[in-house]
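> sequence? don't have it. structure:
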């Protein structure tokens, strides 16, 4: 099962494998303090796309369409996430304040729609 969670939320046994999907390290967290198994920074949206989107709900559908093209460039990481979540819990970690409109939610939707 694929889940998403902010890096600032408590760790749970139900998280399973924890994969950070941000392009930059989360503010205020030391690398040794974040409980994560992988950091797939290459799967994060490009800087231009991230800045353009700026977590604007009105741009969400357009963001997902543009981000889908970027995800295809890193299909091997998408495939790794999909394979890891087959019969197991995998949690995609992100640092954005917006819990609904963020790259982890877009990645989850992209994988579940395939």
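Noted; the coordinates are in hand. Computed from a prediction, not measured in an experiment: that's the story for all the values here.
> which outside residues touch the longest helix along the chain?
In the chain, with assignment by DSSP state H, the single longest helix is helix 60-73. With contact meaning CB atoms under 8 Å, 6 or more residues apart in numbering, helix 60-73 is reached by 43, 45-46, 49, 52-53, 78, 101, 103, 106-107, 109-110. C-betas here are computed from N, CA, C, even on glycine.
> so which two of those residues are the farthest from each other?
52 and 78 (21.5 Å; CB to CB).
> Please say which of these two ends up with more neighbours.
residue 78 (18 against 14; other CB atoms under 10 Å).
> The more buried one: what's its closest spatial neighbour, skipping adjacent residues?
Computed as CB to CB, 6 or more residues apart in numbering, the closest residue to residue 78 that is not its neighbour in sequence is residue 71, at 5.7 Å.
> Neighbours of that neighbour, how many?
Neighbourhood size, residue 71 [other CB under 10 Å]: 19.
> now the helices: where do they sit in this protein?
47-53, 60-73, 75-84, 103-113.
> Confirm for me that residue 20 is in contact with residue 35.
No: with contacts counted by CB atoms under 8 Å, residue 20 stays clear of residue 35, the gap being 10.2 Å.
> ok, the two, which is more surrounded?
More crowded of residue 20 and residue 35, by other CB under 10 Å: residue 20, with 24 against 11.
> so residue 55 touches residue 103, yeah?
No: taking contacts as CB under 8 Å, residue 55 lies outside contact range of residue 103: 9.9 Å.
> Overlap of the contact sets of those two?
residue 96.
> These two - which one has more neighbours?
residue 103 (27 against 15).
> Count the neighbours of the residue lying closest to that one once chain neighbours are set aside for me.
Of all residues not flanking residue 103 in the chain, residue 45 sits nearest, at 5.3 Å (CB to CB, 6+ apart). Neighbourhood size, residue 45 [other CB under 10 Å]: 22.
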